[in-house]
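1. could you work out the structure for the sequence below:
(chains A and B)
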There are 2 protein chains.
Amino acid sequence: MKAVGLIVEYNPFHNGHYYHLQASREAADADVVICVMSGYFLQRGEPALLPRRERTEMALQSGADLVVELPYIFSSQHAEWFARGAVSILNHLGVDTVSFGSEHGRIEPFLNLLDFLQSRRTEYGHHIKEYSSLGYSFPKAASLAFQHMAPGKHLPDLSQPNNILGYFYTKAVNELGSSMSLQTIARVTAGYHDHNLTEADISSATSIRRRLTEDGGTPEAVEQTLPAPVYRRLKNYLDSGSSFYEWEKYFSYLQAKALTLPAALLGEMYEAEEGLHHRMQSVMKRNSTFHEFMHAFKTKRYTWTRLQRFATQVLTGTSKAEAAAAMETGEADHIRLLGMNKNGRAYLNTIKKHVDIPMISSLPKDKTPQQKLDEKAAAAYYLPLPAAERTIRWRREYEEPPLFFED
Amino acid sequence: MKAVGLIVEYNPFHNGHYYHLQASREAADADVVICVMSGYFLQRGEPALLPRRERTEMALQSGADLVVELPYIFSSQHAEWFARGAVSILNHLGVDTVSFGSEHGRIEPFLNLLDFLQSRRTEYGHHIKEYSSLGYSFPKAASLAFQHMAPGKHLPDLSQPNNILGYFYTKAVNELGSSMSLQTIARVTAGYHDHNLTEADISSATSIRRRLTEDGGTPEAVEQTLPAPVYRRLKNYLDSGSSFYEWEKYFSYLQAKALTLPAALLGEMYEAEEGLHHRMQSVMKRNSTFHEFMHAFKTKRYTWTRLQRFATQVLTGTSKAEAAAAMETGEADHIRLLGMNKNGRAYLNTIKKHVDIPMISSLPKDKTPQQKLDEKAAAAYYLPLPAAERTIRWRREYEEPPLFFED
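-> Numbers count the residues shown, from 1 in each chain, chains lettered A, B, ... in the order given. Now for the predicted structure:
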């Protein structure tokens, strides 16, 4: 069976994702679509709007055959580690093609970019260092270094965030010595009038989240931008009394951590660099919302996303030592199955003898370094729930078998 | 001016406290009554039902002339350290007499007990060690060792908790080489029919707290056991929408700490001994209330109080290193003024030149080791409030001048 692999957050699943999933299957001529999906906390350093289980269900409703988890240590990281972890899982799962979205939909420019930057690695690193020393954040310094080297229009512009993930997927496939091929599908955007999607059917996940969570926001406001089964699942989730997971709901827990841990121990948290933890403590007490706090915390030297990721590490209590242990091999140390349909199960049966890292359906007693962090991420994620519900959710997350989707 | 000093929690202030305060003043023939009061967290390892400010006001309404804070490092400790910290403050404040409650109201037995145990210190220590090694908790082992040495009826029985604090006050006065004298006032108890108090007027603080906080509990249920101004203040507190501070409200914060901190860092918390932190982590996730958690956490080897104190250290993030720094001198490193009346202010004016540790009205920028812990205790204490109120309370606790009570 031929498999295509996608790397996703689905926060939440929308028409653009649906298009990408179907187009990826078609372009790769694949029998099975495998999604590596972030669990609880995402690349921008924020909680997923909906729990892992609900997002898995939405993906299966929309054409995914198999959904596996991207472990926490990769899901809340900058692009290079995020890509590295996800690609390593697809590689272990015997995927034929990794498919990602881009503006133009051509893979050659990414392969050329990899050649270009690898041949001029020293020069690139030198320029990044130079710009960093002027006080720019790392992503900004990397972008300026790239512009300085003026690779011209034939290569993807790494000052565009959308191209950065594509580049790191390409790099990870190369570094892992994987035989997987890469393909990229042109994103459908507002203004893109093909595939029976009108402008009104397509919104970015950011805009959908905003419309769902702002004051007076309702699922109806985004109905047109979601596949019908996803919309029904979302409605059902909210109608049953559940609500979205957002940073504001975690703010008191972040305060509890930051204001009571001794500075020396807060400094042991992953991503606490250059006194960031002292800065966090000093501004933490004066603000009543997470958003206000972040504005006070923000500096030119660090991006908003980088600081949110640090806050996430504090919230989940991820120490430098734990992160180092979880990142030691540079690859996923297990594959957690979240959900599948018959087709996905058939695929698993064909490959499972060849997968050389543990595939798990629930958390084992003896946990790998990455599983330990996943367990803590789940503990942190459900804190805003009432105590009794929290206990139930925790137990379910650890013990529940993968979702089987009858299609 | 002659001063009598009381060591109190006032959780909450009740008729028994009122009687003790007035009788102490009278017996010591004192011009001024000084109370050293625990701030946020108490000796049994639990939050005070009402904030420091409100409890200060109730004490001043009821005859106290000056209220100062017992720093956190002493207020949430076993009896010996609790007594040591409090007595050191009274000593610095030039108090003439330390007055505490006891069943019988005679001081000689306590002085004799001190002589007895000091002369047989090695033997006592040896027996405690022996009983401890049989798996008894420390207080139980100390009590059994004491019974084993059979001091007879002429000495206070140290297997009675009520006598333990009195003994350690006596010991602290002796060890500090203080010139303060000691007196003890017989407690008024249910069944004690003097001083215009009937049986119905007297309840223990424990029973009052239970009647206030149980389902359907109202202030009216305890009205008769409180001085009238205290009752009015309590009513007013509740009528304005405030509520009591209880462990259950902190449970999710305790879970957040215990479930996300790496075991190695949780083990750095003060009172994490013999793998207690591992035990805390392993039982924490299965329980929906603090009370359920404590039942699962309890072992024969540790008292409920000892385990609650450990939970308090985790909640306030007090590390072994911070506790060691705060306990280094074995005395209070500052005196924080919480409230006074004219009489108390006049007393302060007569002694302030002779007080050789800092007397503070608000938290300074450069904090002593004990002040750092007080700041964290306040941060933890107000966590259950809504975010905006929490921010206001934090600022007020640090910046607000002492309460001045016009009587």
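2. strands of the stretch 101-250 of chain A, start to end?
-> With strands called from DSSP state E, counting those that start in this stretch, the stretch 101-250 of chain A shows them at A:181-186.
3. low-confidence ranges in it?
-> By pLDDT under 70, the low-scoring segments of the stretch 101-250 of chain A are A:151-153, A:189-199.
4. check it for the residue nearest chain B and tell me.
-> For the stretch 101-250 of chain A, the residue positioned closest to chain B under C-beta to the nearest C-beta is A:Glu248, at a distance of 8.6 Å. Using the backbone N, CA and C atoms, a C-beta is placed for each residue, glycine as well.
5. what's the answer for the stretch 301-407 of chain A, then?
-> Closest to chain B within the stretch 301-407 of chain A is A:Gly317: 3.1 Å, counting by C-beta to the nearest C-beta.
6. got the contact list for that residue?
-> For A:Gly317, the contact set (C-beta atoms under 8 Å, 6 or more residues apart in numbering or on different chains) comprises A:Lys257, A:Met269, A:Lys376, A:Ala380, B:Lys257, B:Leu259, B:Thr260, B:Leu261, B:Pro262, B:Leu265.
7. burial of the residue in the stretch 51-200 of chain A that chain B sits nearest to, as a residue count?
-> With distances taken as C-beta to the nearest C-beta, the stretch 51-200 of chain A approaches chain B most closely at A:Tyr72, which sits 11.4 Å away. Burial of A:Tyr72 is recorded as 30 neighbouring residues (other C-beta atoms under 10 Å in any protein chain shown).
8. what distance do you get for the residue of the stretch 101-250 of chain A closest to chain B to B:Val33?
-> Distance from A:Glu248 to B:Val33, counting by C-beta to C-beta, to the nearest Å: 47 Å.
9. A:His104 is in contact with A:Arg187, isn't it?
-> No. Here A:His104 does not reach A:Arg187: they are 9.3 Å apart, not a contact under C-beta atoms under 8 Å.
10. between the two, which is the more surrounded one?
-> Looking at A:His104 and A:Arg187 with other C-beta under 10 Å, you find the greater number of neighbours at A:Arg187, namely 19 against 11.
11. could you pull up the contacting residues of that one?
-> Shown here is A:Arg187, whose contacts under the criterion C-beta under 8 Å, 6+ apart are A:Gly16, A:His20, A:Gly101, A:Ser102, A:Glu103, A:Asn162.
12. pipe these into CSV and attach distance to chain B per row.
-> Supplementary listing: the contacts of A:Arg187 in CSV, determined by distance: C-beta to the nearest C-beta, whole Å:
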residue, distance to chain B
A:Gly16, 34
A:His20, 34
A:Gly101, 33
A:Ser102, 37
A:Glu103, 39
A:Asn162, 33
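13. list buried residues within the residues you listed.
-> By the neighbour-count criterion of 16 or more other C-beta atoms under 10 Å in any protein chain shown, those include these buried positions: A:Gly16, A:His20, A:Gly101, A:Ser102.
14. what strand or helix carries the residue nearest to A:Thr299 when sequence neighbours are not counted?
-> Leaving aside its sequence neighbours, A:Thr299 sits nearest to A:Arg279 (C-beta to C-beta, 6 or more residues apart in numbering or on different chains; 7.8 Å). Here A:Arg279 sits within helix A:276-284, counting by DSSP states H and E.
15. need the contact list for the nearest residue to A:Leu114 once chain neighbours are set aside.
-> In space, not counting the residues next to it along the chain, A:Leu114 is nearest to A:Thr170; the distance is 5.1 Å by C-beta to C-beta, 6+ apart. A:Thr170 sits next to A:Phe110, A:Leu111, A:Leu113, A:Leu114, A:Leu182 when contact means C-beta under 8 Å, 6+ apart.
16. in the sheet, which residues pair with the last one? Tell me.
-> So the one you mean is A:Leu182. In this entry, A:Leu182 is beta-bridged to A:Val98, by DSSP bridges.
17. now do it: how many residues are near it, please.
-> Residues lying near A:Leu182 (other C-beta under 10 Å) number 19.
18. and A:Lys365, backbone torsions?
-> Dihedral pair for A:Lys365: phi -70, psi -50, per degrees, to the nearest 10.
19. from B:Glu46, how far off is the residue nearest to A:Leu144 when sequence neighbours are not counted?
-> Spatial nearest neighbour of A:Leu144, excluding adjacent residues (C-beta to C-beta, 6+ apart): A:Tyr131 at 4.6 Å. Summarising the geometry, the distance separating A:Tyr131 from B:Glu46, computed by C-beta to C-beta, is 54 Å.
20. try A:Ser361
-> Here the criterion is C-beta to C-beta. By it, A:Ser361 lies 42 Å from B:Glu46.
21. burial count for the residue lying closest to A:Pro139 once chain neighbours are set aside?
-> Take A:Pro139 and drop its neighbours on the chain: the residue closest to it by C-beta to C-beta, 6+ apart is A:Thr303, 5.8 Å away. A:Thr303 is flanked by 18 other residues according to other C-beta under 10 Å.
22. what of A:Tyr347?
-> Residues near A:Tyr347, counting by other C-beta under 10 Å: 24.
23. circling back: report the contact partners of the residue of the stretch 51-200 of chain A closest to chain B.
-> Residues near A:Tyr72 by C-beta under 8 Å, 6+ apart: A:Gly39, A:Tyr40, A:Phe41, A:Thr316, A:Thr318, A:Gln370, A:Leu373, A:Asp374, A:Lys376, A:Ala377.
24. the first one contacts A:Ser75, correct?
-> Yes. With contact defined as C-beta under 8 Å, A:Gly39 and A:Ser75 form a contacting pair (6.0 Å).
25. can you list the residues of chain A near chain B?
-> Applying C-beta under 8 Å from any C-beta of the partner chain, one finds that chain A approaches chain B through A:251-253, A:255-257, A:259-262, A:264-265, A:268, A:285-289, A:315-317, A:319, A:321-322, A:376, A:379-380, A:383, A:387-388, A:390-391, A:394-395.
26. take these and, keeping just the buried ones, write it as a PyMOL select command.
-> In PyMOL, the members of the residues of chain A next to chain B classed as buried (16+ other C-beta under 10 Å) are selected with the following command:
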select buried, chain A and resi 251+252+253+255+256+257+259+260+261+262+265+268+285+287+288+315+316+317+319+322+376+379+380+383+387+390+391+394
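27. if I look at the residue nearest to A:Leu144, how far off is B:His154?
-> When distances are taken as C-beta to C-beta, A:Tyr131 and B:His154 turn out to be 82 Å apart.
28. the two: which is more packed in?
-> Under the neighbour definition other C-beta under 10 Å, A:Tyr131 and B:His154 were set side by side, and A:Tyr131 has more, 19 against 10.
29. domains in chain A, by residue range?
-> Segmentation of chain A into domains, based on automatic domain parsing, reads A:3-103+A:183-243+A:332-405, A:247-321.
30. of these, which is nearest B:Ile351?
-> For B:Ile351, the closest of the domains of chain A is domain A:247-321, at 33.7 Å, according to C-beta to C-beta.
31. first-to-last residue distance for the closest one?
-> For domain A:247-321, the separation between the terminal residues is 25 Å (C-alpha to C-alpha, to the nearest Å).
32. coming back round to it: give me phi/psi at the residue of the stretch 301-407 of chain A closest to chain B?
-> phi 60, psi 40.
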